[in-house]
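S.K.: How does the following fold in three dimensions:
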Amino acid sequence: MEKTEKVETAREGQGYTAVIGLEFHAHIATRTKMFCGCRVTYGDEPNTHTCPVCLGHPGALPVTNERAVELGVMAGLALNCRVADRAVFARKNYFYPDLPKGYQISQYDEPICTGGHMDVPTSDGTVRVGITRLHLEEDAAKNVHTGESGRMHGSTGSRIDYNRGGTPLMEIVTEPDIPSPEAARATANNLKELLQSIGVSECDMEKGQLRCDANVSIRNPDGSYGTKTELKNMNSFRFVERGLAREIERQIEVLEDGGTVSQSTLHYDPETDEVHELRTKEFAHDYRYFPEPDLMPLALDSGWVADLESRMPELPDAMRARFVSEYGLSEYDAGVLASDRALARYYERVAAADGVDPKQAANWVSVELQSYLNDADMGVEETRVTPERMVGIICLVEDGTVSRAAAKEVLGKVFSGEGEPSEIVEREGLAQIGGDELGGVVDEVISSNPEEAERVENGDQKVIGFLVGQVMKRTRGSADGGRARELILEKLSG
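M.R.: The predicted structure is shown next:
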């Protein structure tokens, strides 16, 4: 069986079936660290935001960041979790250079949130992915490897930046409900969108604010479950999908060759599209968990949780449904807008203006403007095309002042800071022509293209678009394409 056939088999449930669960580590959007007052920063000079607490000096005592607890509970509520009455921090013992205390303060048997779910749209329909737990912990420091790929202070080797050590972190663990690598990627995107939308994490993967591990096994044709392996610290959802596909292939190959899959931790190399074993998988008892003696258990009052829930912002699923019902948008357009909270707010300001069709507004915002934003790598809140200016551009089309093609040119110039929409139309001569002037241009195009005109006269409709294009070219897009088409047909059929 070829590799591609094996993955297809696993995906479709014929023979081997994929069984996938994901673990996410997301930085919580606080100003200070989880157990001390050091600032959370990204890209600053190494080891400039540290203190005796986050460096693990003897006698230094941690204090829990209340804002991190609040944001963690908000994430749990958004994921339909049960918020615990009591949560306990524990020491997770392991020894790496990036862990100065020799243990990580985390949560184990009494996490802050359990038993949730999220509904994930996929190409095969909606998949309900269970959430086993959400718990709080501190991040480790960052290893910086130098040598051929980089240099630090003129030397080579490995060094450690402790600025990241102690950054508030939430770990979110799903149930093994994910049926395919494609669904895993969709689940990761869905979670990222959710956490960003409620403001609990920025989820910037380039800064390491969101990392993903994947546990994967295959269910055998006889219904029995295989041994799971774990792909660690993938910083791209595309790599999550590719890594899982490759690991499923590898496990099937091992079984069909008569071997056994060992429980291990793996690394996916996107350059070679291969997985490599890092170490055999640890078990919970390997970490020697025990309650953190320097921190009191968290007591989460039900009234406080209810108040927090009442102040939760609108979730993406609810926003998508509202955009469909209130503005008449398609599921796709509503999904694009709801996936970016700033873009959704921008759209609603545009759609609420007098004289603006909400469906047209969605197209201008999510397609035309978004294209410029993507090219410039900026957010909608940074653009010169304010909602008021976008309304102005749309209204120029709606009242017939400019053609849609000309309006797109106006948008580009407003985006570049070349003035207000109406000023640009007047300065560039982009106002839509009509009446006798448009008729004259149509006559010129017909006389300049006699062969194409004759084909239209003989009933060949395919070349009308060419003639309309010539009209638009001569008028620099300031003609109404629909009206130009009507005039061409009138003159040639007459």
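S.K.: Ala214 reaches Val240, doesn't it?
M.R.: Yes. Between Ala214 and Val240 there is a contact at 6.0 Å, judged by Cβ atoms under 8 Å. (Each C-beta comes from the backbone N, C-alpha and C, glycine too.)
S.K.: what do the two both touch?
M.R.: With contacts taken as Cβ atoms under 8 Å, 6 or more residues apart in numbering, Ala214 and Val240 have Leu22, Ala184, Leu231, Met234 as neighbours in common.
S.K.: mind listing which of these are in helices?
M.R.: Ala184 (DSSP state H).
S.K.: Confidence-wise, which helix or strand of this structure is lowest on average?
M.R.: helix 3-12 (a mean of 47; mean pLDDT, DSSP states H and E).
S.K.: Sheet partners, orientation included, of whichever strand in the chain runs longest?
M.R.: Using DSSP state E, we find that the single longest strand of the chain is strand 125-138. Applying DSSP bridges, strand 125-138 is found paired with strand 113-122 (antiparallel), strand 168-174 (antiparallel).
S.K.: Enumerate the positions of that strand that are buried.
M.R.: For strand 125-138, the neighbour count (16 or more other Cβ atoms under 10 Å) marks Val127, Val129, Gly130, Ile131, Thr132, Arg133, Leu134, His135, Leu136, Glu137, Glu138 as buried.
S.K.: quick one: low-confidence ranges for the stretch 1-150 of the chain?
M.R.: Within the stretch 1-150 of the chain, the ranges that satisfy pLDDT under 70 run 1-14, 147-150.
S.K.: mind listing the strands for it?
M.R.: For the stretch 1-150 of the chain, the strands defined by DSSP state E, counting those that start in this stretch cover 17-27, 82-83, 86-87, 89-93, 103-107, 113-122, 125-138, 142-146.
S.K.: what packs against the fourth one?
M.R.: In this structure, strand 89-93 packs against strand 103-107, strand 290-291, with contacts taken as 3 or more Cβ pairs under 8 Å, 6 or more residues apart in numbering; DSSP states H and E.
S.K.: Tell me which strands the last one pairs with, and in which orientation.
M.R.: Strands that pair with strand 290-291, judged by DSSP bridges, come out as strand 89-93 (antiparallel).
S.K.: how much does the partner strand deviate in direction from strand 103-107?
M.R.: Strand 89-93 runs at 140 degrees relative to strand 103-107, counting by axes from the mean of the first three to the mean of the last three Cα atoms, to 10 degrees.
S.K.: Run the chain-centre distance for stretch 309-319.
M.R.: 18 Å (Cα atoms, centre = their mean, to the nearest Å).
S.K.: sorry, that was for stretch 391-406
M.R.: That offset, for stretch 391-406, works out to 32 Å (Cα atoms, centre = their mean).
S.K.: who touches that stretch?
M.R.: Residues beyond stretch 391-406 that count as contacts (Cβ under 8 Å, 6+ apart) turn out to be 350, 353, 355-357, 360-361, 364, 385, 407, 410-411, 414, 420-422, 425, 430-432, 434, 472, 476-481.
S.K.: measure that stretch end to end?
M.R.: 15 Å (Cα to Cα, to the nearest Å).
S.K.: Show me which residues of that stretch are buried.
M.R.: Within stretch 391-406, the residues that count as buried by 16+ other Cβ under 10 Å are 391-397, 401-406.
S.K.: Just the CA atoms of the helix or strand Ala342 falls within, as CSV, please.
M.R.: Ala342 is part of helix 341-351 when elements are defined by DSSP states H and E. Extracted C-alpha coordinates of helix 341-351, given in CSV (Å, rounded to 0.1, in the frame of the first residue of the first chain):
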residue,chain,number,x,y,z
ARG,A,341,-12.7,40.9,16.4
ALA,A,342,-11.2,44.2,15.2
LEU,A,343,-12.4,43.5,11.6
ALA,A,344,-15.9,42.6,12.9
ARG,A,345,-16.2,45.8,14.8
TYR,A,346,-15.0,47.8,11.8
TYR,A,347,-17.5,46.0,9.6
GLU,A,348,-20.4,46.8,11.9
ARG,A,349,-19.6,50.5,11.9
VAL,A,350,-19.7,50.4,8.1
ALA,A,351,-22.8,48.3,7.8
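S.K.: Any buried residues in the next helix-or-strand element following it, and which?
M.R.: Next in sequence after helix 341-351, counting helices and strands by DSSP H and E, comes helix 358-363. Within helix 358-363, the residues that count as buried by 16+ other Cβ under 10 Å are Pro358, Ala361, Ala362.
S.K.: Highest mean neighbour count out of the strands paired with strand 125-138?
M.R.: strand 168-174 (a mean of 24; mean count of other Cβ atoms under 10 Å).
S.K.: For it, give me every contacting residue.
M.R.: 21-28, 30, 33-34, 40, 65, 68, 71-72, 75, 79, 106, 129-139, 187, 191, 200-201.
S.K.: mean confidence for it?
M.R.: For strand 168-174, mean pLDDT is 98.
S.K.: Contacts only, for Arg279.
M.R.: Ser264, Thr265.
S.K.: follow-up on the earlier one: so which elements touch the helix holding Ala342?
M.R.: Using 3+ Cβ pairs under 8 Å, 6+ apart, helix 341-351 sits against helix 316-327, helix 331-338, helix 358-363, helix 387-398.
S.K.: mind checking which of those helices is nearest Tyr162?
M.R.: Nearest of the helices and strands packed on helix 341-351 to Tyr162, taken as Cβ to Cβ: helix 316-327 at 35.5 Å.
S.K.: Now that closest one: buried residues?
M.R.: Pro316, Asp317, Met319, Arg320, Arg322, Phe323, Val324, Tyr327.
S.K.: Against which helices or strands is that helix packed?
M.R.: helix 181-197, helix 331-338, helix 341-351, helix 358-363.
S.K.: most packed of those?
M.R.: For the helices and strands packed on helix 316-327, the highest mean count by mean count of other Cβ under 10 Å goes to helix 181-197, at a mean of 22.
S.K.: which helices and strands does that one pack with?
M.R.: helix 3-12, strand 17-27, helix 66-78, strand 113-122, strand 125-138, strand 210-219, helix 237-256, helix 316-327.
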